[in-house]
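Student: Fold the following.
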Amino acid sequence: MDFIRTGYSPGVTFEKVRKIEGKENIESMFSSYTIDESKLKGYAEWLFFPKNEEEIVTVVQEMEKRGVPITISAARTGIVGGCVPFGGAILSLEKLNAILGLGFDEKTKQWYVRSQPGVSLKELNEKVIQKKFPELEEKQKELLDKFSQDEKTYWYPVDPTEKTAHLGGTVATNASGSLSYKYGATRKWVRKVRLVLANGEILDIPRGKYHASPEGTFTIQNTAGETKTFSIPYYRIGTNVKNAAGLFTEPSMDLIDLFIGSEGILGVITEVEVWITEKPENVIAVTTFFPTEMDAASFVNDIRLKDSSLKTEFLEYLCPDSLKLLRKKQISDPPLVNMPPIPKNVAAIIFEISYNEDSLPELYERLETIAIKNNSSMDQTWACYEDREIDRITAFRHLLPETVNAIIAERKQKNPTIHKLGTDMAVPIIPETNLAGILSFYREKLRESNLEHVIFGHIGDNHLHINILPKDEKELAKAKELYKVFAKKAVSLGGTVSAEHGIGKIKKEYFNIMFDEDKRRQIIEVKQALDPTGLFSIGNMVNI
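Tutor: Down below sits the predicted model:
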């Protein structure tokens with residue numbers, strides 16, 4: 001195979017990089033940099049704010065020379081402690097927040113955007129949808145004019161719910177969300193990645209250029225002409241399950257995929273190119289209620305496996321306990337749940353369907369047929385077209401985790417040691433019995449435990465979140481044991497312990513259920529080949 005030669009940037013002097021030194025200084029003035037949305041609390045002795053790739057190289061080389069580990073950080077929206085440091089240095093990429101270019105691939109006839117890692121998904125999509133890139137007007141005027149004259153509306157469809165997440169972080173975690181059902185996770189949309197290795201040199205990796213040899217190896221050559229050959233992991237994860245656990249691997253894999261979802265353990269992302277695509281022009285937001293959970297699961301199977309002509313953007317689930325919580329919220333604060341009265345003792349499927357005007361009557365007819373088959377109907381359905389109403393449905397869907405978090409926050413005031421447990425398991429869509437089977441298993445074990453809980457989430461991907469709400473330490477201990485039972489069941493069905501959140505530092509116990517010692521060793525060997533001194537994001541995914 002071809003050698004992959006790393007580029008090199010001489011960097012700038014270490015003294016010129018903005019930095020905060022000392023654990024006490026960081027704790028007193030920048031404590032938010034030692035925590036993420038998991039609420040795991042860490043500590044650090046250094047905090048860096050590089051403004052460009054050269055400064056990142058300088059920091060990496062200096063910390064490597066001093067033997068100081070680096071934890072890569074940015075928006076800190078993750079929930080598994082991936083950017084939480086335990087000693088060493090924090091490298092925040094938040095100041096690398098520029099859109100660098102717009103491109104059009106003549107071969108694929110697709111538009112793409114080149115960006116630094118600190119751009120938020122919200123900002124990226126606003127610029128793409130509005131076709132406004134003021135920072136590019138001078139250097140790319142002709143291409144911007146062509147883009148503006150394109151009659152289609154474009155967007156970046158990866159939707160990990162948290163719009164303030166930064167692009168680089170979503171690439172490092174292969175982020176996904178509800179729209180992954182139709183559009184896939186981040187990996188599918190990454191055209192190119194540029195990153196700094198632990199020796200301070202740079203890999204520039206376009207998709208499709210570098211592939212593993214038939215023996216399953218990559219060879220990298222540095223600027224001194226020295227070569228390093230390393231093997232990719234030989235474990236295999238089913239392709240029919242949404243997964244964010246472990247390093248990606250497959251025969252003859254593309255090198256770019258090794259770094260996407262690697263959780264910062266292999267290098268620092270400095271630039272990303274992502275594809276953008278046409279945004280659906282007309283969308284109907286629908287919420288259909290069902291008398292039982294099994295009816296809801298059967299409805300999902302009928303839509304995704306038996307009527308592919310229904311162009312569903314996503315399929316989301318709210319269990320009866322979830323709706324019970326929201327119904328209480330609706331009674332106590334009607335403006336907050338600005339929806340019609342929520343029916344009692346039902347489960348709900350929330351979804352969106354793209355359509356054109358001519359096909360609308362047929363679409364409703366098909367939906368009615370499938371709903372009736374599964375003991376519901378259009379009379380037991382909310383549907384809307386206008387953006388304002390669609391936003392209400394979206395807010396309704398997102399209100400559940402907010403309500404759960406508020407309940408836990410109130411309980412923590414009385415007992416600071418408790419916290420919710422949120423699962424992230426998914427099982428393969430095929431066989432179609434998996435959905436009903438795993439949902440029944442969850443329900444049976446939860447009923448036996450007598451723990452307060454809700455089940456919701458990305459049912460279109462067989463990716464359901466169970467949130468357990470313990471009231472005391474005894475219930476928390478019981479919930480932790482139940483979590484392991486669920487993880488073992490998902491893995492036994494060919495599923496994953498993490499479908500979208502990754503492993504980070506707080507889910508390694510469950511990762512070990514899915515990845516035995518030999519599989520973890522394969523990951524460690526890749527880590528040691530690219531980062532021999534253990535510089536980057538120590539504690540994420542595996543222990544070394």
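
Student: What is the three-state secondary structure of the residue sitting nearest the centre point of the chain?
Tutor: Centroid-nearest residue in the chain: residue 175, 2.1 Å away (criterion: CA atoms, centre = their mean). Under the three-state scheme (DSSP: H, G, I helix; E, B strand; the rest coil), residue 175 adopts coil.

Student: For residue 154, see how far away residue 280 is.
Tutor: 11 Å (CB to CB, to the nearest Å). For glycine as for every other residue, the C-beta is placed from the backbone atoms N, C-alpha and C.

Student: Now the helix or strand where residue 400 lies: buried residues?
Tutor: Following DSSP states H and E, one finds residue 400 within helix 387-414. For helix 387-414, a neighbour-count test (16 or more other CB atoms under 10 Å) marks 392, 393, 396, 397, 399, 400, 401, 403, 404, 411 as buried.

Student: from those residues, which is closest to residue 57?
Tutor: residue 401 (39.1 Å; CB to CB).

Student: So for the closest residue in space to residue 100 that isn't next to it in sequence, what pLDDT did the model give?
Tutor: Nearest residue to residue 100 in three dimensions, chain neighbours excluded: residue 114, at 4.5 Å (CB to CB, 6 or more residues apart in numbering). Looking at residue 114, its pLDDT reads 98.

Student: Give the partner strands of the helix or strand hosting residue 114 in its sheet and their orientations.
Tutor: Residue 114 belongs to strand 110-115 when assigned by DSSP H and E. Take DSSP bridges as the rule and strand 110-115 pairs in its sheet with strand 99-105 (antiparallel), strand 268-275 (antiparallel).

Student: any idea how this structure splits into domains?
Tutor: Listed domain ranges for the chain are 4-95, 99-278, 283-492 (source: automatic domain parsing).

Student: average pLDDT across the first one?
Tutor: The reference is to domain 4-95. For domain 4-95, mean pLDDT is 93.

Student: ok, now the longest one?
Tutor: Model confidence over domain 283-492 averages 93 on the pLDDT scale.

Student: Please tell me how far residue 327 sits from residue 321.
Tutor: 11 Å.

Student: Repeat that for residue 520.
Tutor: Applying CB to CB to residue 520 and residue 321 gives a distance of 36 Å.

Student: Who has more neighbours out of these two?
Tutor: Applying other CB atoms under 10 Å to residue 520 and residue 321 shows that residue 520 carries more neighbours, namely 21 against 18.

Student: Identify the residue nearest the more buried one in space, chain neighbours excluded?
Tutor: Closest residue to residue 520 apart from its sequence neighbours, by CB to CB, 6+ apart: residue 542 at 5.2 Å.

Student: What helix or strand is the one you found located in?
Tutor: Short version, using DSSP H and E: residue 542 is in no helix or strand.

Student: So it sits against residue 526, correct?
Tutor: No: taking CB atoms under 8 Å as the definition, residue 542 is not a contact partner of residue 526, at 10.0 Å.

Student: rewinding a little: and the domains of the chain: which comes nearest residue 532?
Tutor: Closest among these, once you apply CB to CB, is domain 99-278, at 7.2 Å.

Student: Grab the nearest non-local neighbour of residue 385.
Tutor: Closest to residue 385 by CB to CB, 6+ apart is residue 284, at 5.8 Å.
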